[in-house]
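Student: Have a look at this prediction, sequence included:
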Amino acid sequence: MQLTGIHHLTAITADAAGNNRFYTESLGLRRVKKTVNQDDTSAYHLFFADGAGTPGTDITFFDWPTARERRGTHTITRTGLRVAEDSLDWWAARLTDLGVSTGAVTILDGRASLDVEDPEGQRLRLIAASDPAGQPWDQSPVPAEHQIRGLGPITISVPDLAPTETVLTRVMNMTRVRDYASPDGQGQVHVFQMGDGGAAAELHVAVQPGLPTARQGAGGVHHVAFRVPDTAALTDWTNHVRGFRVPNSGEVERYYFRSLYFREPGGNLFELATDGPGFDVDEPRDTMGQGLSLPPFLESRRAAIEAGLKPLD
């Protein structure tokens, strides 16, 4: 029983309109779903992905009026975004011209990479990787050959490797494959892969006991989700997780996918999510993401929900 890669990553913004502009205009992703946080309908939940909303390509945001994240450990620290192996110089020039905060192109863990921060300090890393590409978006301001192909790897920070490694290897069936020095000089990073691995199926665990405990906020990450093929596989995983007596949410219907949530011992929130049914379950693929989508159980509250949301476009 194997997870098949990163499904999505959900982060936090306090500026939904600015967030929408950055991820669609600067990074060239498609907004594939404009909906609300199903547990807090006063907040947008925005999904940005490839042209088709392919599982493994979407970075999503909760819009909450909150202070900036306090950085530290016990948190998800950086989101990898895969691009073609010859695209990093193009991206470095583009982002510099746009005034986006970037580092230099460097080799990290054997791959060329470019560290980037969005306007709220969300830490991203463009990774040159040969993993299969997502579906280009024909309305993106970024040429198809340079568009972001998907997520991965994702980096988390914990103060102690052992308990986290136990969950990753025994509960989640990942394999520890290599280590490298953290580029910030704070400890070692340990690479765990799902299945056959590759950047789209790696979780990097930075062990950083000298850092303070992070405080969640804008520019931070809420959770990372891992892929399972379908609902039958999710039920198998739910029973598997329960067999280890890991506290968990039980299966949760998110309408666009079905999920299971639990925390690893370092405090990071993990989700297992099905690949389907997908973002076009309630609107045509050609126009998905343009209007406000609500799952059926919220549709009767549409007028009140819309009245409480800020203009986005």
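Tutor: The structure has been received and is ready for your questions.

Student: so where is this protein shaky, pLDDT-wise?
Tutor: Within the chain, not a single segment meets pLDDT under 70.

Student: residues near the closest residue to His240 other than its chain neighbours, how many?
Tutor: Of all residues not flanking His240 in the chain, Met1 sits nearest, at 6.6 Å (CB to CB, 6 or more residues apart in numbering). (Glycine included, C-beta is placed from N, CA and C.) Residues near Met1, counting by other CB atoms under 10 Å, number 9.

Student: quick one, what contacts Met1?
Tutor: Asn173, Ala233, Asp236, Trp237, His240 (CB atoms under 8 Å, 6 or more residues apart in numbering).

Student: Out of these, grab the one that's most surrounded.
Tutor: Trp237 (22 neighbours).

Student: beta partners for the nearest residue to it once chain neighbours are set aside?
Tutor: For Trp237, ignoring the flanking residues on the chain, the nearest one in space by CB to CB, 6+ apart is Leu272 at 5.3 Å. Per DSSP bridges, the residues bridged to Leu272 are Phe226, Leu260.

Student: Thought Thr231 was touching Leu272, still the case?
Tutor: No: Leu272 is not in contact with Thr231 according to CB atoms under 8 Å; the separation is 11.3 Å.

Student: correct me, but Val281 touches Arg258?
Tutor: No: counting by CB under 8 Å, Val281 stays clear of Arg258, with 11.8 Å between them.

Student: Of the two, which one has the most company?
Tutor: More crowded of Val281 and Arg258, by other CB under 10 Å: Arg258, with 20 against 13.

Student: quick one, helices of this structure?
Tutor: Secondary structure of the chain, counting by DSSP state H: helices at 16-21, 88-97, 161-166, 231-243, 302-307.

Student: Identify whichever of those helices lies nearest to Ser293.
Tutor: Closest approach to Ser293 among the helices of the chain is made by helix 302-307 (10.2 Å; CB to CB).

Student: rewinding a little: now for the contacts of Met1, which pair is the farthest apart?
Tutor: So for the contacts of Met1, where distance means CB to CB, the most widely separated pair is Asn173 and Ala233, at 12.3 Å.

Student: neighbour count winner among Leu272 and Thr231?
Tutor: Between Leu272 and Thr231, Leu272 has the larger neighbour count (other CB under 10 Å), namely 25 against 15.

Student: re earlier: between the contacts of Met1, which sits nearest Leu211?
Tutor: Asn173 (28.4 Å).

Student: Return the alpha-carbon coordinates of stretch 105-125 using PDB.
Tutor: Extracted in PDB, the C-alpha atoms of stretch 105-125 (Å, rounded to 0.1, in the frame of the first residue of the first chain):
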ATOM      1  CA  VAL A 105      19.900  29.600  -8.700                       C
ATOM      2  CA  THR A 106      21.700  26.900  -6.700                       C
ATOM      3  CA  ILE A 107      22.100  23.100  -6.600                       C
ATOM      4  CA  LEU A 108      20.300  21.600  -3.700                       C
ATOM      5  CA  ASP A 109      20.000  17.900  -3.100                       C
ATOM      6  CA  GLY A 110      21.300  17.300  -6.600                       C
ATOM      7  CA  ARG A 111      18.700  19.500  -8.300                       C
ATOM      8  CA  ALA A 112      18.900  23.100  -9.500                       C
ATOM      9  CA  SER A 113      16.600  25.300  -7.500                       C
ATOM     10  CA  LEU A 114      15.500  28.900  -7.000                       C
ATOM     11  CA  ASP A 115      14.100  30.100  -3.700                       C
ATOM     12  CA  VAL A 116      11.200  32.600  -3.900                       C
ATOM     13  CA  GLU A 117       8.900  34.400  -1.500                       C
ATOM     14  CA  ASP A 118       5.400  35.700  -2.300                       C
ATOM     15  CA  PRO A 119       4.400  39.200  -1.100                       C
ATOM     16  CA  GLU A 120       3.400  37.700   2.300                       C
ATOM     17  CA  GLY A 121       6.600  35.700   2.800                       C
ATOM     18  CA  GLN A 122       5.200  32.400   1.700                       C
ATOM     19  CA  ARG A 123       8.400  30.300   1.100                       C
ATOM     20  CA  LEU A 124       8.500  28.600  -2.300                       C
ATOM     21  CA  ARG A 125      11.200  26.800  -4.200                       C
END
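
Student: Pull out the buried residues from that stretch.
Tutor: Across stretch 105-125, burial judged by 16 or more other CB atoms under 10 Å covers 108-109, 111-116, 118-120, 122-125.

Student: nearest to Met194, of these?
Tutor: Nearest member of those to Met194, counting by CB to CB, is Asp109, at 16.2 Å.

Student: Cool, thanks, talk later.
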